[in-house]
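Engineer: Fold the following.
(3 chains)
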Amino acid sequence: MIVRIRSNLITSQLKITIAASASFFILIVVLSTAVKATVSEDIGIPAHSWSHTGPFGRFNKAALRRGFHVFRNVCSTCHGIQRVAYRNLTYLGYSEDEIKSIASEVKVLYNKDGGAGLYERPGLPSDKFTSPFPNEQAARDANGGSLPPDLSLITKARPNGLDYVRAILLGYEPTPSKFHLMSGLNYNAYFPGHQIAMPQPLYGDDVTFEDGTATSLEQEAEDVVTFLAWTAMPEMEERKRMGIITMIFLVIFTLLMYACKRAIWKDLE
Amino acid sequence: MSLTNKNTSRREFLITTTNIFAAVGAACFAWPFIDQMNPSADMLALAKVDFDLSKIAEGQSMTVIWRGKPIFVRHRTAQEIEKANLVKLTELPDPEDDSTRAQKPEYLIVVGICTHLGCVPLGQNPNEPKGEYEGWFCPCHGSQYDTSGRIRKGPAPTNLPVPKYQYISDTVVRIG
Amino acid sequence: MAYNFSNSLVKWIDHRLPVFSYLRHAAYDYPTPKNLNYWWNFGSLAGISLVIMIVSGIALAMSYTPHVDHAFDSVERIMRDVNYGWLIRYIHMNGASFFFIVVYIHIFRGLYFGSYKAPRELLWIIGVFILLLMMATAFMGYVLPWGQMSFWGATVITNLFSAIPIIGESLVNWLWGGFSIDNPTLNRFFVLHYLFPFIIVSIVLLHIIALHRFGSNNPLGIEIKYPNETIPFHPYYTIKDAYGMGIFLILFAGVVFFAPNFFGEPDNYIPSNPLSTPAHIVPEWYFLPFYAILRSIPDKLAGVLSMFSSIFVLFLLPWLDRSPVRSGQFRGVFKIFFWILLIDVISLGYLGGKPATGMYVIFSRLATAYYFAYFLLVLPIINKFDSSELLPNSISAQIAGLEVESSKAFNDSAYKEQSDHIST
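Structural biologist: Just a heads-up that it's a prediction; the model follows:
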């Protein structure tokens, strides 16, 4: 009888610990989401369900390759992904020779003898992706004063980045009659202020996918955003895989420590 | 009495298991912090260097940087090659045949770091001492290498290592 | 004091350098009240957080470059190319948030159970110094990735000092090493960010020495009377702390592996641009309550002073609270004001993240007013109104279920002594 009461007491202790930590966590989550919600202006960005989000989400390799295809044929005219190296494409399933040929299509400037001169050579897998413009001023000059941002980190650098970038790609609509649009700018339903310098990049028939997937604006946008999610967090799959193992380990370890705690404290009672 | 013993042994078992978990956990936690000091992915990717051999006149040497290390490339004269071949392997501290050290006998390619304690031996520049064996001479502790980059005298234990390389054309070699 | 160790090498060393005796005394035999609850776990959790931060920080410093042209790139190189660099950086980034969560709970535990009261005033004051150093360290660390929030956060916070009359401007230029946040600023912030944690370690040692002088406070807030009211720290509290660490690590790993950018700001993934300020500047969440206090005052100097006073008032706390009863458990009226304070600080945190307009400003002012009123008005007079609840005679008496009236307890010599401490 006494033993039973004691074990009830102890399990209630465990329950309290778990409940307290869980509720504290929820409090933090609620508070900081509230903070974040005010930081990102709410202009009704449509939510999309992404295949790679969630604790078990993995990148769809076919979507990554399609997205890279879209990026290479459309986005890369104005945007760079300078933090990604050609060698990183092995992750998308490209062979070493394919990567060599992709890299060799660009010209890389390099300094070969420590002097002031720069020489051109074909790109190597170890090089980072070359940006379309040599510097910020050249980029602005070619784009009517606006700077096309580097896209390597774009999905992490905007609140709700995945949905936001997708919404921008889909958000080109006819200018509402009452809206005053400045010359050189384009109307976008989801861009803060609705006036965006980038002309509509995707129309739905911009590329032909090598895997035979039918092209559509939605498909292209989803794939290219998936690709940009990968350029922003190439570690995601390894992180989640390690995370799951770590969590399983920690839960068992903590339960063991709890059992030890019970066993050790028992002789006090 | 037996009940107490049983309880005690159960407790001991529990504590031992938990300690094992703690040790495994600590080791797994430590690994990333150790591994972060290993060469990173961008370093490993810079592993290859192409070099045009036709720039070196016969009898002269050039130094190429590969993975941050000096690579000695020597365009050997017929006399130097002959000299390297004439040595009996039994006389060498680290026996290696010259033919295994140069894919084309005219061009010797070795890592220019003394195998003793890591200094760069002299002998690349025509005005530098080449040592008694007309290869390279290490100024730090007096190791002497022959025209095949093999150790002949001094404290260095092994020959100058030959890096992995291949000829991608008649005159261009790719190191790495 | 010297302990008789069985291992002869340990004995030999200990005879000449009594580190083992000290450790044995401090982490093994240390007599701890047997009735500590789980809120007492947060002290050791703070120590664990500090170690995690130092270890991961040293690893990061091996690959980081403190130069305006390379800082952002070097952080991205850590994230992409350094082996497990992403893991170490996410541990360090989120470790800061978890360190503050733990320390804030630790502080509120002290506030509720009266751990700042005599004879533990210095213990508390050392703790406030640790908090100040932690804040400085966290602020400088946030600057290092040199993203947009790093740059503009540094600009705004360093400009606080320009509010000081006469010397303000030159003080800010001295902090910057120039006329704007630039390379010299980044370089010195890196140096100080690396140095401060080790100063924190040494002050933490003082904190522990002060703690062990009179022993831990306990949920009843009454001193130990009989030896059987304490238990040795090891194994009872080592295992209890280890269990708490397990819970902590599960929550920490959950964030590091599955939501690593949860506490972060998207703008800090944009390289810093001195010509364009982001639309919404917010400090890290753990500074938000203080940020709300700063913004609630319309005058620049007064705002800055109130913000700093909100922490400095904690130094005076042991003398502001005049009640002879330590634990909030036995102070009916105090309890109400305490819980309002907790809600007040959380609200300040919420308001600090909101734009400083309209109703938010009014709420911030009310919350700020309550914050200072709690320390400067409520605590000094509250014991006049506090209900006399039943205070147990001793820890053992409480465990046995015996209680006596608090009025009687005050006559007790131990309490007499305590009141003397307070009145002098």
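
Engineer: list the contacts for the residue in chain C that chain A sits nearest to?
Structural biologist: Taking CB to the nearest CB, chain A has its nearest neighbour within chain C at residue C:257, 2.7 Å off. Every C-beta, even on glycine, is put in place using the N, C-alpha and C of the backbone. The contact partners of residue C:257, by CB atoms under 8 Å, 6 or more residues apart in numbering or on different chains, come to A:239, A:240, A:242, A:243, A:244, A:246, A:247, C:90.

Engineer: Report whether the host helix or strand of the second one contacts chain B.
Structural biologist: The one in question is residue A:240. Assigned by DSSP states H and E, residue A:240 falls within helix A:236-266. Yes: Helix A:236-266 is in contact with chain B by CB under 8 Å from any CB of the partner chain, via A:249, A:250, A:252, A:253, A:256, A:257, A:259, A:260, A:263, A:264.

Engineer: hmm, back to that, return the closest of the contacts of residue C:257 with respect to residue C:271.
Structural biologist: In terms of CB to CB, no member of the contacts of residue C:257 lies closer to residue C:271 than residue C:90, at 19.5 Å.

Engineer: And the helices in the stretch 151-269 of chain A?
Structural biologist: Ranges of helices in the stretch 151-269 of chain A, per DSSP state H, counting those that start in this stretch, are A:161-170, A:217-232, A:236-266.

Engineer: Tell me the pLDDT of residue C:299.
Structural biologist: In this model, residue C:299 is scored at 91, pLDDT.

Engineer: For it, give me the backbone phi and psi.
Structural biologist: For residue C:299, the backbone dihedrals (degrees, to the nearest 10) come out as phi -100, psi 140.

Engineer: For it, give its distance to residue C:319.
Structural biologist: Remark: distance between residue C:299 and residue C:319 (CB to CB, to the nearest Å) = 28 Å.

Engineer: hang on, the earlier thing: would you turn the contacts of residue C:257 into CSV with pLDDT?
Structural biologist: Output for the contacts of residue C:257, formatted as CSV (pLDDT from 0 to 100):
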residue, pLDDT
A:239, 97
A:240, 97
A:242, 97
A:243, 97
A:244, 97
A:246, 97
A:247, 97
C:90, 98
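
Engineer: any chance of the helices of the stretch 151-269 of chain A in TSV, with distance to residue C:212 too?
Structural biologist: Below are the helices of the stretch 151-269 of chain A laid out as TSV (distance: least, CB to CB, whole Å):
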stretch	distance to residue C:212
helix A:161-170	50
helix A:217-232	49
helix A:236-266	22
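
Engineer: any chance of those in TSV, with mean neighbour count too?
Structural biologist: Formatted as TSV, these follow (neighbours: other CB atoms under 10 Å in any protein chain shown):
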stretch	mean neighbour count
helix A:161-170	22
helix A:217-232	23
helix A:236-266	18
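
Engineer: out of those helices, which comes closest to chain C?
Structural biologist: Among the helices of the stretch 151-269 of chain A, helix A:236-266 comes nearest to chain C, with 2.7 Å by CB to the nearest CB.

Engineer: Show me what that closest one is packed against.
Structural biologist: Helix A:236-266 sits against helix B:2-35, helix C:85-113, helix C:233-258, with contacts defined as 3 or more CB pairs under 8 Å, 6 or more residues apart in numbering or on different chains; DSSP states H and E.

Engineer: Go again with 10 Å.
Structural biologist: Under the contact criterion of 3 or more CB pairs under 10 Å, 6 or more residues apart in numbering or on different chains; DSSP states H and E, helix A:236-266 touches helix A:2-39, helix A:217-232, helix B:2-35, helix C:85-113, helix C:233-258.

Engineer: Sketch out the low-pLDDT regions of the chain for me.
Structural biologist: No chain specified, so I'll use chain A. In the predicted model of chain A, residues A:1-43, A:112-115, A:269 satisfy pLDDT under 70.

Engineer: not quite, I wanted chain C
Structural biologist: C:1, C:387-389, C:400-424.

Engineer: middle-most residue in it, spatially?
Structural biologist: Nearest residue to the geometric centre of chain C (CA atoms, centre = their mean): residue C:103, 3.6 Å.

Engineer: Verify the stated contact: that one with residue C:53.
Structural biologist: No: the criterion here is CB atoms under 10 Å, and residue C:103 misses it with residue C:53 at 11.6 Å.

Engineer: Between these two, which contacts overlap?
Structural biologist: Counting by CB atoms under 10 Å, 6 or more residues apart in numbering or on different chains, the residues touching both residue C:103 and residue C:53 are residue C:134.

Engineer: With neighbour numbers in mind, choose between residue C:299 and residue C:319.
Structural biologist: It is residue C:319, of residue C:299 and residue C:319, that has more neighbours when counted by other CB atoms under 10 Å in any protein chain shown, with 14 against 10.

Engineer: so where does residue B:50 fall, helix or strand?
Structural biologist: Assigned by DSSP H and E, residue B:50 falls in strand B:49-52.

Engineer: neighbours around whatever residue of the stretch 101-250 of chain C ends up closest to chain B, how many?
Structural biologist: Ranking the residues of the stretch 101-250 of chain C by distance to chain B (CB to the nearest CB) places residue C:242 first, at 7.9 Å. When neighbours are defined as other CB under 10 Å, residue C:242 has 22 of them.

Engineer: Repeat that for residue B:7.
Structural biologist: Look at residue B:7: counted by other CB under 10 Å, it has 13 neighbours.
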